[in-house]
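1. Quick one: sequence and predicted model below, then my questions.
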2 protein chains.
Amino acid sequence: MGTTERKAKEKEELKALILKAARKLFIEKGIGQTTIRNIADSIDYSIGTVYVYFRDKNEILHALHTQGFVDLGGQLKVLFSVKDPMERLKAMGKVYINYGLDNPEMYDLMFTLRAPMEFLETIQKDEWDEGKASFDLLRTTVIQCMDAGHFKGHKLDPLCFLIWSCIHGMCSLEIGSRTKNANIKNPENIVTDAYDEFLIIISNL
Amino acid sequence: MGTTERKAKEKEELKALILKAARKLFIEKGIGQTTIRNIADSIDYSIGTVYVYFRDKNEILHALHTQGFVDLGGQLKVLFSVKDPMERLKAMGKVYINYGLDNPEMYDLMFTLRAPMEFLETIQKDEWDEGKASFDLLRTTVIQCMDAGHFKGHKLDPLCFLIWSCIHGMCSLEIGSRTKNANIKNPENIVTDAYDEFLIIISNL
DNA sequence: TTGAAAATTGAACAATGTTCATTTTTTTTG
DNA sequence: CAAAAAAAATGAACATTGTTCAATTTTCAA
């Protein structure tokens, strides 16, 4: 009886369709302007249907949150084809920044919004976290840098956190500057130029 | 006729009272759980009164946003009693981080929330921005560091942005880790340890 | 004291997240 | 194939929150 399997597949497809619509609206209109009604309308389903497939709005946010980390993590993983760990580290920063600036709404969802995580508190405390996986890619690379003789006199985890903070801080401030207040805009290319400074600094560590 | 002056003073006082109540509720229950009704109730006024003194919720958020930057800026200004610019720079980072970790809700309001700034778009595009003032304190200090022979081979503004990004990134990630997801917590003292790494690095530039 | 000006109020509206009894569609059964 | 059962989808209705505004209360000068 392949019916149940087909049903399961259809459920997955509709779930994916809802997520796709939600993501599209987030990017187009911003997260704040995206409502359940909007999402339902855009795929010609009713409000209630969305609630059949997702417990609440936070579950939708959390699903996209996960998608974002899988996406970013995937882009970072590709860089392990770069064998020199220091070169890979530099490339990872660039990829990360590009991801953030190209997908500001997703970046917000992943790093600044609080709501998607409130979902976790209700459900599964110890869920596998894709954010942790991305951080581990950085950590592995920094370890290899240390093995290659870099970063002498520095501690592994604090240094990883500092590097992530630098890159995240640039993304966060730049995205904020672009969307929050048009009057206090960062100078053109400030992120690119600051990242150049970052490269100089870590190259000499 | 001192009546009108007293009236003006009373208006200011009530405005301040509303802000104080709002700030208290923000800190106690979080920004998301603070409603206009909550604020009004807590000071025994009606909803409507709040709207007499503030155009909308965003104006309240923006007023607190300004207060936060004035507060942080004040703490940073005090450090100009430290004459050695490099020592002052180090102290500024510490003060900034302490402010963020001690006042996470205010920090969110100042750096991550989008709403307070939507207020500006409606009102005054070219308003004096306290955030810019705080940034200028950093910029002045970095200039003095350069005059003293530090940071050779680095560009002023990109370096300032990088430094701010580092510090802001640490605050942002740590605050997010503490509030968003209790499962993926940062290690104890990670910010302190990472800031130590930061100090080592900039000392050698 | 009185009437106008100022301040305050809270009922009412709109938007949004959410629930759930009802309806529609699909699948299974006889 | 028709009827019953199961599954899926619906949208009316409720709760909360931001917001408005006509009505009420308070203040104060004449």
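-> Perfect, thanks for sending it. Residues are numbered from 1 along each chain as shown, chains lettered A, B, ... in the order given.
2. Could you look up the next helix or strand downstream of the lowest-mean-pLDDT helix or strand in chain A?
-> In chain A, the helix or strand scored least confidently by mean pLDDT, DSSP states H and E is helix A:115-122, which has a mean of 57. Proceeding N to C from helix A:115-122, the next assigned helix or strand is helix A:130-147, under DSSP states H and E.
3. The helix or strand that that following helix is followed by packs against which elements?
-> Using DSSP H and E, the helix or strand that follows helix A:130-147 in sequence is helix A:156-179. Counting contacts by 3 or more Cβ pairs under 8 Å, 6 or more residues apart in numbering or on different chains; DSSP states H and E, helix A:156-179 packs against helix A:85-102, helix A:104-111, helix A:130-147, helix A:190-203, helix B:104-111, helix B:156-179, helix B:190-203. Every C-beta, even on glycine, is put in place using the N, C-alpha and C of the backbone.
4. try 6 Å
-> helix A:85-102, helix A:130-147, helix A:190-203, helix B:156-179, helix B:190-203 (3 or more Cβ pairs under 6 Å, 6 or more residues apart in numbering or on different chains; DSSP states H and E).
5. Quick one: distance of the second one to the chain centre.
-> Spelled out, that is helix A:130-147. Offset of helix A:130-147 from its chain centre (Cα atoms, centre = their mean, to the nearest Å): 16 Å.
6. count of neighbours near A:Gly131?
-> 20 (other Cβ atoms under 10 Å in any protein chain shown).
7. Please apply the same query to the one 3 residues further on.
-> Counted with other Cβ under 10 Å, the burial measure for A:Ser134 works out to 23 neighbours.
8. ok, so what distance separates it from B:Ser165?
-> Per Cβ to Cβ, to the nearest Å, A:Ser134 is found 18 Å from B:Ser165.
9. before we move on, what about A:Gly100?
-> A:Gly100 is 12 Å from B:Ser165, by Cβ to Cβ.
10. Show me which of these two is the more surrounded one.
-> B:Ser165 (26 against 23).
11. Spit out the contact partners of that one.
-> By Cβ atoms under 6 Å, 6 or more residues apart in numbering or on different chains, the residues touching B:Ser165 are A:Cys166, A:Gly169, A:Met170, A:Leu173.
12. Show me what from chain A comes close to DNA strand D.
-> Proximity of chain A to DNA strand D, by Cβ under 7 Å from any atom of the strand, involves residues A:Lys7, A:Lys11, A:Leu14, A:Asp44, A:Tyr45, A:Ser46, A:Ile47, A:Gly48, A:Thr49, A:Tyr51, A:Val52.
13. One more pass at 6 Å, please.
-> A:Lys7, A:Lys11, A:Leu14, A:Tyr45, A:Ser46, A:Ile47, A:Gly48, A:Thr49, A:Val52 (Cβ under 6 Å from any atom of the strand).
14. Kindly indicate whether the fourth one is helix, strand or coil.
-> Under the three-state scheme (DSSP: H, G, I helix; E, B strand; the rest coil), A:Tyr45 adopts coil.
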